[in-house]
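A.B. asks: sequence and predicted structure are below.
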Amino acid sequence: MRTQQTNPSRNPLPMPGAERRFMLGLPPTRKGAPMPVAKLSREFYERFGDKLTDELVNCLNSIEGSYRAELRDLFEAHFGRFEDKLERRLVESKAELGVAKAELGIKIEQLRVELHSTKADMLKWSVGLWVPVTLAVIGLYFKR
């Protein structure tokens with residue numbers, strides 16, 4: 001535990017009711033400043049003394065530490081379940097995508113076969129129609 005200004009006689013704070021912050025001995029937050037646990041005024045220190053106030057701060061720190069550890073454990077458990085669920089859904093999505101890709105490949109191949117047969121049918125009909133027309137034109141030409 002780290003405190004700011006524990007000795008009231010050496011208090012350089014300009015106001016008599018200025019606050020003191022008791023900081024955790026934990027690593028700093030993302031912004032770089034340690035998190036305050038309790039804010040106690042100088043009057044609180046003067047009225048109850050350093051020993052009792054430090055004991056109160058230690059008690060608050062231990063309670064906060066146990067709550068923090070419990071919260072961390074709960075978070076890790078829930079995050080683990082979330083991660084498992086996410087992984088399972090990702091695998092299912094990949095499997096569904098693979099099935100859809102295979103079905104699409106089959107449909108494309110069916111369309112190619114159908115297009116090829118359609119081309120063959122069109123060629124048959126084209127030849128079947130142009131041959132009689134050509135014979136009729138030739139017949140009319142030689143009939144004169």
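C.D. replies: The structure has been received and is ready for your questions.

A.B. asks: how far does the one helix or strand residue 63 maps to sit from its chain's centre?
C.D. replies: Element membership of residue 63 [criterion: DSSP states H and E] is helix 42-143. Relative to the chain's own centre, helix 42-143 is displaced by 14 Å; criterion: Cα atoms, centre = their mean, to the nearest Å.

A.B. asks: avg pLDDT for it?
C.D. replies: For helix 42-143, mean pLDDT is 91.

A.B. asks: so which other helices or strands are in contact with it?
C.D. replies: Judged by 3 or more Cβ pairs under 8 Å, 6 or more residues apart in numbering; DSSP states H and E, helix 42-143 is in contact with strand 19-23, strand 36-41. (Each C-beta comes from the backbone N, C-alpha and C, glycine too.)

A.B. asks: do that again at 10 Å, thanks
C.D. replies: strand 2-3, strand 19-23, strand 36-41 (3 or more Cβ pairs under 10 Å, 6 or more residues apart in numbering; DSSP states H and E).

A.B. asks: residue furthest from the geometric center of this structure?
C.D. replies: Among residues of the chain, the one most distant from the C-alpha centroid is residue 144; the distance is 86.7 Å, by Cα atoms, centre = their mean.

A.B. asks: count of residues packed around residue 53?
C.D. replies: The local packing count at residue 53 equals 20, with neighbours defined by other Cβ atoms under 10 Å.

A.B. asks: kindly apply the preceding question to residue 73 instead.
C.D. replies: When neighbours are defined as other Cβ under 10 Å, residue 73 has 10 of them.

A.B. asks: against residue 66, how distant is it?
C.D. replies: Remark: distance between residue 73 and residue 66 (Cβ to Cβ, to the nearest Å) = 11 Å.

A.B. asks: try residue 93
C.D. replies: Using Cβ to Cβ, one gets 40 Å for the distance from residue 93 to residue 66.

A.B. asks: now swap in residue 144 and tell me
C.D. replies: Distance, residue 144 to residue 66, using Cβ to Cβ: 115 Å.
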